[in-house]
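> Whatever this is, show me its structure:
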Amino acid sequence: MDAIVVDNISKVFKLHENPVHSVKERMLSMGRSKYREFVALEPMSLSISTGTTLGILGHNGSGKSTLLKVVSGILKPTTGQIRLRGRLASLLELGAGFHPELTGRENVYINAAFLGISRKEIEKRFDDIVEFSELDQFIDEPVKHYSSGMYVRLGFAVAVNLDPDVLLVDEVLAVGDEVFQRKCLDRVRQFQQEGRTIVVVTHAADVVRQVCQRAIVLDHGKLVADGAPGDAIRIFREHLHGTLEEAAPQDTDTGPLKITDVRIHHPRSAERKYLEPGEPLTIEVSYATDRTVEAPTLSISILSLEGQAVFALDLDLPASGISNLHGSGTITVPFTAVPLLDGRYTLSLRLTDRHDADLRVARDGRDEFEVLNPGAARGVAALTLGTVSSHA
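Below is the predicted model:
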């Protein structure tokens, strides 16, 4: 049985090219206002079975939130229709549906009324909502004084305590402190055990891997993938990788030492772009110099998308048998194993001469590789698991 049916829906916005700012301008431009169409969602269809947790992945502007707003009824589709089964609760953005001048208590009742919950019913659940949000000291304060984290707490607490059959969540499972994130994920898992339907929009691929049985990928309003979370995450990163490649800056090095190219490959590069945890990786750094680099050092840092260094090393090249650099050439750095889990990682490179401050060049964020974890392990490091046993 399907809880949500998206039947050939699309969404097109009309954007005025010369917006009017006064009644007089509106009157003068009546019938002559020009606009252009922006296609936020290309025609698409999909069905979500009851009890399924679906993740929606995509870059900024891909149409993720638009799709969720169409499903929830906030936006009317340009074509097609949405069919829902059961009570729906949604948390689409921070503070959505909250009136800033009203207190948290008043907003709880208003949100419940929007969802068709009677005042008597919400009174029974009010204490549970406040307890989950951990805002008992602030529940009678105007929400305009709330932080973004407090908005999330209250909004999520309302949504999950109204006994929904279908829960729509947009980008909030990765907001707030770590303890509250775990609390939200625990409630999501409880809903899953109860057979409820959940749709989650997120940039966090790890969240999709943890809680979703299925995931779709949107790219510029188009549905480009629909399948298992691991496959969807790979396709999402390939599309995002392509976007970043198009925007990558060109070389601007004008000094006497240059990094002319960087190549990253592994033994199965011909079959797939990504590594699996523990596979080897080789980095080749091509250089050109019109002066001799007498004491070359190559510094390599591997960073997560959040900018956290997961590995850094300063290679003394003479100690590795490369006495100096002159003309042009390539430095090959092999890693026998990359014990990283699922993620996309960028390189930060520094090529310098320890004895000559003028001979130095940097290359940051231009080159990257991806690790796709086919298993269920989460985190950063891929630890090697031995034989699990039990003894009486």
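> what about residue 165, distance to residue 68?
According to Cβ to Cβ, to the nearest Å, residue 165 stands 16 Å off from residue 68. In this view, the C-beta of every residue, glycine as well, is placed from N, C-alpha and C.
> For the stretch 51-200 of the chain, which segments count as helices?
Taking DSSP state H, counting those that start in this stretch as the test, the helices found in the stretch 51-200 of the chain are 64-72, 104-114, 119-133, 148-160, 178-193.
> what's in contact with the second one?
Here helix 104-114 makes contact (Cβ atoms under 8 Å, 6 or more residues apart in numbering) with 97-99, 102, 119, 121-122, 126, 129, 133, 135, 138-141, 143, 146, 154, 158, 162.
> Quick check on the residues you listed: which are buried?
The neighbour-count test (16 or more other Cβ atoms under 10 Å) applied to the contacts of helix 104-114 identifies 97-98, 122, 126, 129, 133, 135, 138-139, 143, 146, 154, 158, 162 as buried.
> would you turn those into a markdown table with distance to residue 374 and pLDDT?
Converted to a markdown table, the buried ones among the contacts of helix 104-114 look like this (distance: Cβ to Cβ, whole Å; pLDDT from 0 to 100):
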| residue | distance to residue 374 | pLDDT |
| --- | --- | --- |
| 97 | 40 | 68 |
| 98 | 42 | 83 |
| 122 | 45 | 88 |
| 126 | 45 | 94 |
| 129 | 40 | 93 |
| 133 | 38 | 90 |
| 135 | 41 | 93 |
| 138 | 44 | 95 |
| 139 | 45 | 95 |
| 143 | 44 | 91 |
| 146 | 42 | 89 |
| 154 | 39 | 88 |
| 158 | 38 | 87 |
| 162 | 37 | 81 |
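> Compare residue 165 and residue 68 and say which one has the larger neighbour count.
Set residue 165 next to residue 68 and count neighbours by other Cβ atoms under 10 Å: residue 68 wins out with 23 against 18.
> From what I see, the more buried one and residue 170 are in contact.
Yes - at 5.4 Å, residue 68 counts as touching residue 170 under the criterion of Cβ atoms under 8 Å.
> Now the common contact residues for those two.
In contact with both residue 68 and residue 170: 90, 92, 201, using Cβ under 8 Å, 6+ apart.
> which one of those sits closest to residue 342?
residue 201 (19.1 Å; Cβ to Cβ).
> How about that closest one: which residues does it bridge to?
Note on residue 201: beta-bridge partners residue 56, residue 170, judged by DSSP bridges.
> Surely it and residue 64 touch.
Yes - applying Cβ under 8 Å, one finds residue 201 in contact with residue 64, separated by 4.6 Å.
> Now do the shared contacts for the two.
Common neighbours of residue 201 and residue 64 (Cβ under 8 Å, 6+ apart) are 56, 170.
> quick one: residue 81 from residue 199, how far?
17 Å.
> Those two: which has the busier surroundings?
residue 199 (25 against 12).
> picking up where we left off before, want to throw the shared contacts of residue 68 and residue 170 into TSV with pLDDT?
Shown next, in TSV, are the shared contacts of residue 68 and residue 170 (pLDDT from 0 to 100):
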residue	pLDDT
90	83
92	74
201	89
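> Would you mind listing which of these are buried?
Buried among those (16+ other Cβ under 10 Å): 90, 92, 201.
> got a markdown table for those residues, with distance to residue 354 too?
Shown next, in a markdown table, are those (distance: Cβ to Cβ, whole Å):
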| residue | distance to residue 354 |
| --- | --- |
| 90 | 59 |
| 92 | 55 |
| 201 | 49 |
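> who are the neighbours in contact with residue 328?
260, 286, 287, 288, 289 are the contacts of residue 328 under Cβ under 8 Å, 6+ apart.
> Partner strands of the strand or helix carrying the third one and their direction?
Using DSSP states H and E, residue 287 falls within strand 281-293. Paired with strand 281-293 in the same sheet, following DSSP bridges, are strand 257-265 (antiparallel), strand 325-335 (antiparallel).
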